[in-house]
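Participant: 3D, please:
(chains A and B)
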Amino acid sequence: MSDEEIMGKLIEIFQLMNDKNVDVSQITMESNLSSIFGLDSVGLIYMAIAIEKNFDIDMSDVKVNTFQTVANIVNFIKERLNCN
Amino acid sequence: MWKVYCFDITDEKELAIKDIPSNIRKFVQKYKQPNARKLSCYSWIYLEQVLQKEWKINLEEKTILQNKNGKPYIDGIYFNLSHSGNMIAIVIGTCEVGIDIEAESNMKKYWDLKYFSEWLNEEEIVELNKAENQLEYLTKAWTKKEALLKKKGVGIQSTADMRSVQGEVTTYLKKDKNKETYIVSIAS
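Facilitator: Numbers count the residues shown, from 1 in each chain, chains lettered A, B, ... in the order given. All right, here's what the predicted structure looks like:
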């Protein structure tokens, strides 16, 4: 799966979680997660579950609060997909 | 021994970084989103006031220490902070403590989305399905787990942590000025 395809699926997840009128189309690889969404712990865990389901990867052992940027998540997903 | 304090900051104004006492600035600066930063600022400001008034401790005179997981404490006194919506919850004690507060509306926002309850274990999903007030059950379960993890000083880290954490907590129900319902759990 390419970076663009991963990003496209992630944007769909962010769109679902977006209740702060954030312009999701402006999100880039460099975007900081807490700056965009102010993600609280509930949001972070939801994001992890949604990524597991949408990409069919296991994130149960992953420390969700270690992701700072969108690129961190994209790289993580790529690594997990390559391991499958 | 521990004591819990809750504050409604609906009417409080946003604070500039320069107005935040220097010894607590580093704990607040990690919050980038304006409302989260405001909540964090007031958590520390109210902590300082409560310590001064009820525990006769001047936070400005104390060194704020951090355990190996970064959880702050001061010599002989343990505390933990949490915020959600317009509410701040603080627990102060003479032993390790953890606290979490969640607005039911925040939980509902995610519960309305697919898959959300998957951080519950199998037993808890059975309980959720039997619960008369499912949103209250879900919010209590979340705050219980987060308070237990925060007592350890780790906070929420993975979905596996969430499914496995077990323990006893004390739970309260609070309302803010807008009649929003919050659940507060304390682990001690």
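
Participant: which neighbouring elements make contact with the lowest-mean-pLDDT helix or strand in chain B?
Facilitator: Least confident helix or strand of chain B, by mean pLDDT, DSSP states H and E, is helix B:22-28 with a mean of 78. In terms of contacts (3 or more C-beta pairs under 8 Å, 6 or more residues apart in numbering or on different chains; DSSP states H and E), helix B:22-28 is packed against helix B:34-55. C-beta: built from backbone N, CA, C; applies to glycine.

Participant: is the helix it packs on up against chain A anywhere?
Facilitator: Yes - Helix B:34-55 lies within reach of chain A by C-beta under 8 Å from any C-beta of the partner chain, at B:34-36.

Participant: quick one: the strands in chain B?
Facilitator: Assigned by DSSP state E, chain B shows strands spanning B:2-8, B:65-66, B:72-74, B:77-84, B:87-93, B:98-103, B:170-175, B:181-187.

Participant: hmm, back to that, looking at neighbours, which among the residues of helix B:34-55 next to chain A is most surrounded?
Facilitator: Using other C-beta atoms under 10 Å in any protein chain shown as the neighbour criterion, B:Ala36 leads these with 18 neighbours.

Participant: residue contacts, the most centrally placed residue in chain B?
Facilitator: By C-alpha atoms, centre = their mean, chain B has its centre lying nearest to B:Ser82, at 2.3 Å. By C-beta atoms under 8 Å, 6 or more residues apart in numbering or on different chains, the contact set of B:Ser82 is B:43, B:88-90, B:99-101, B:146, B:150, B:184.

Participant: what do you get if the cut-off is 7 Å, keeping everything else the same?
Facilitator: Shown in contact with B:Ser82 (C-beta atoms under 7 Å, 6 or more residues apart in numbering or on different chains): B:89, B:99-101.

Participant: which of those lies closest to A:Val42?
Facilitator: Each of the contacts of B:Ser82 was scored against A:Val42 by C-beta to C-beta, and B:Asp100 proved nearest at 10.1 Å.

Participant: low-confidence ranges, chain A, go.
Facilitator: Across chain A, the ranges flagged by pLDDT under 70 are A:19-21, A:36-38, A:83-84.

Participant: residues from it in reach of chain B?
Facilitator: By the rule C-beta under 7 Å from any C-beta of the partner chain, the part of chain A lying against chain B is A:16, A:19, A:32, A:34-35, A:38, A:41-42, A:45-46, A:48-50, A:53, A:59-65.
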